[in-house]
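S.K.: 3D model of this:
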Amino acid sequence: MWPRIGVLRTLALGTPGELRTNLNTLVLNGVKTATAGLLDEYAEQGEELEHVGERLALVDDQDALLGIVEVTGVQVCRFAEVPWEFARSEGEGDRSIEEWRAGHAAYWTRVGTPVTDDTEVVCIRFHLVSAGDGGIATGDLGS
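M.R.: Numbers count the residues shown, from 1 in each chain. Have a look, this model is predicted:
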């Protein structure tokens, strides 16, 4: 199971350190409105897919709450079929779908889960609901 804060599942982007800090900054600045994960990871962790309307707790390296995002869309597709519109909404500066695929394939290989064109990817769209300077200490954690 993935960690929870209150009733919310956490959204820990990338890997701890500079990557997570950069990705969180993109979310908090409204640039990053999507993220991709591997369907196999859900099964391995005994987790269900996110659903539209679900709220997730955006966390830093110490699992401190930085903000709340609300899921606006969930799609599962083959890695080779991830649409450019989705990839662009990840807000990470990729200039083409090929660049997005190369970067994500390299990332997943680095973390020990290499992908092929047929690997199923969970494409999650979201919007930032709340955030605060230095994180959020309190607030509505309800889904």
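S.K.: pull the residues that contact the worst-scoring helix or strand of the chain on mean pLDDT.
M.R.: The weakest-scoring helix or strand in the chain, judged by mean pLDDT, DSSP states H and E, is strand 4-5 (a mean of 91). Residues outside strand 4-5 that contact it (CB atoms under 8 Å, 6 or more residues apart in numbering): 10, 57, 59, 63, 65, 141. C-beta here means a position set from N, CA and C on the backbone, and glycine is covered the same way.
S.K.: drop anything exposed from the residues you listed.
M.R.: The neighbour count (16 or more other CB atoms under 10 Å) marks 57, 59, 65 as buried among those.
S.K.: from these, which single one is nearest G112?
M.R.: Nearest to G112 among the buried ones among the contacts of strand 4-5, counting by CB to CB, is V59 at 21.5 Å.
S.K.: where is the longest strand in the protein?
M.R.: The longest strand of the chain (DSSP state E) is strand 65-78.
S.K.: list the buried ones in that strand?
M.R.: Within strand 65-78, the residues scored as buried using 16+ other CB under 10 Å are 65-71.
S.K.: nearest residue to the middle of this structure?
M.R.: Central residue check for the chain by CA atoms, centre = their mean: the C-alpha nearest the mean position is that of T35, 3.7 Å away.
S.K.: and that one, that's in a helix?
M.R.: No: assessed with DSSP: H, G, I helix; E, B strand; the rest coil, T35 is strand; it does not lie in a helix.
S.K.: which residues does it bridge with?
M.R.: Under the criterion DSSP bridges, T35 forms beta bridges with I124.
S.K.: would you agree it is in contact with L13?
M.R.: Yes: between T35 and L13 there is a contact under CB atoms under 8 Å: 6.1 Å.
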